[in-house]
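S.K.: need a 3D model of the sequence below.
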Amino acid sequence: MNRFVAAVCAVACATTIAPAGQLFLSLADNIGNEINGNGPFTDNDMVNTADAVPLFSLNGGDLDAFHILDNGNYLLSSLFNGDAGGNIFDDGDLVEYNPFTNTIVGNYLGIGNSAFATTGEDITAATTDEQGNLYFSTLSDATLNHAGGALSFTDGDVVKVDAATGVASIFIAEADLWDDGDSDVYGLHWMGDGTMLVTSNSDELVNGTLFLDGDIFQYDLATGAASLFFSESNFTSSNTHDVDAIYYRIPAPSSALALAGLALAGARRRR
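M.R.: Numbers count the residues shown, from 1 in each chain. Just a heads-up that it's a prediction; the model follows:
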């Protein structure tokens with residue numbers, strides 16, 4: 001279970017406390033970005049799906065991945081060189097950013113431009129589990145140099161980096177995740193119950209169920225079953241939107257029952 005303390009320095013965005021059980025997302029575009037009439041917001045914003053209020057905003061770039069660690073620091077990646085409170089980082093970096101001190105601690109588990117065999121890689125999704133192990137995906141096929149050697153993977157694979165050893169492995173293969181074996185992962189969140197939240201850059205079938213590129217689905221790691229968690233229909237604009245980053249603050253067990261009956265369902269631009 002991730003402990004969450006939300007405070008963001010003024011140069012990044014206003015201090016915001018996120019309620020448990022809330023879903024946050026970023027989009028790939030800036031055209032008509034509203035959720036159920038709330039907004040607008042930009043592709044640099046990580047907004048609450050309940051009211052489209054930003055939890056965090058990059059000063060510049062295009063927010064590609066976002067996660068909150070147990071220590072309250074943020075994991076950030078950007079499609080272009082990112083600016084977090086005046087701190088510039090490379091588009092191939094997955095940085096750990098301290099919002100309390102407005103500083104970049106470094107690349108999380110060493111994942112960044114220098115770790116890839118070629119420069120110019122973009123990290124499209126990132127999340128961690130209770131042990132701090134990292135799960136991420138990239139915009140294009142890539143080779144990662146890690147403690148265990150070199151790992152080559154595709155843009156639809158989910159890669160795991162072990163926090164204790166630094167060894168990377170393919171956690172979910174593209175061929176297993178998508179029915180047609182070919183799609184990009186654009187957002188991930190580890191749920192801690194044997195499932196992950198996932199979103200894609202295109203409409204895709206997952207275990208026989210169709211999800212749009214603006215949907216977020218909950219994927220069962222053991223069975224491969226998938227169910228809708230957030231629907232593209234919640235976006236006000238008739239424009240299609242690609243969900244670019246996702247984060248869900250998991251509620252404490254005592255509040256989980258109260259939230260159990262609530263579903264974020266209604267019921268695309270990318271590079």
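
S.K.: got any ranges where this protein has weak pLDDT?
M.R.: Across the chain, the ranges flagged by pLDDT under 70 are 1-20, 251-271.

S.K.: is it fair to say Leu151 lies in a helix?
M.R.: No. Remark: Leu151 does not belong to a helix; assigned using DSSP: H, G, I helix; E, B strand; the rest coil, it is strand.

S.K.: partner residues bridging it?
M.R.: Leu144 (DSSP bridges).

S.K.: ok, it - contacts?
M.R.: Counting by CB atoms under 8 Å, 6 or more residues apart in numbering, Leu151 makes contact with 143-144, 159, 168-170. Using the backbone N, CA and C atoms, a C-beta is placed for each residue, glycine as well.

S.K.: ranges for the helices of this structure?
M.R.: 174-177, 253-259 (DSSP state H).

S.K.: what's the burial count for the closest residue to Asn87 other than its chain neighbours?
M.R.: Using CB to CB, 6 or more residues apart in numbering and skipping residues adjacent in sequence, the residue nearest Asn87 is Ile104, 4.8 Å away. Other residues lying near Ile104 total 20 when counted by other CB atoms under 10 Å.

S.K.: is Ile104 in a bridge, and if so with what?
M.R.: Beta-bridge partners for Ile104, by DSSP bridges, are Tyr97.

S.K.: distance of it from Phe230?
M.R.: Applying CB to CB, to the nearest Å, the value for Ile104 to Phe230 is 30 Å.

S.K.: kindly report the same for Gly192.
M.R.: Going from Gly192 to Phe230 by CB to CB gives 18 Å.

S.K.: more neighbours, the two?
M.R.: Neighbour tally, Gly192 and Phe230, criterion other CB under 10 Å: the higher count belongs to Phe230, 25 against 12.

S.K.: any idea how far that one lies from Gly187?
M.R.: Using CB to CB, Phe230 is found at 10 Å from Gly187.

S.K.: for Asp45, same thing?
M.R.: For Asp45, the distance to Gly187 - CB to CB - is 14 Å.

S.K.: neighbour-wise, which of those two wins?
M.R.: Gly187 (27 against 24).

S.K.: which residues does that one contact?
M.R.: Contacts of Gly187 were listed using CB under 8 Å, 6+ apart, and they are 25, 65, 124-125, 197-199, 216, 243-246.

S.K.: before we move on, back to that, quick check: the two most widely separated of the contacts of Leu151?
M.R.: With CB to CB as the measure, no two of the contacts of Leu151 lie farther apart than Thr143 and Ser169, at 13.6 Å.
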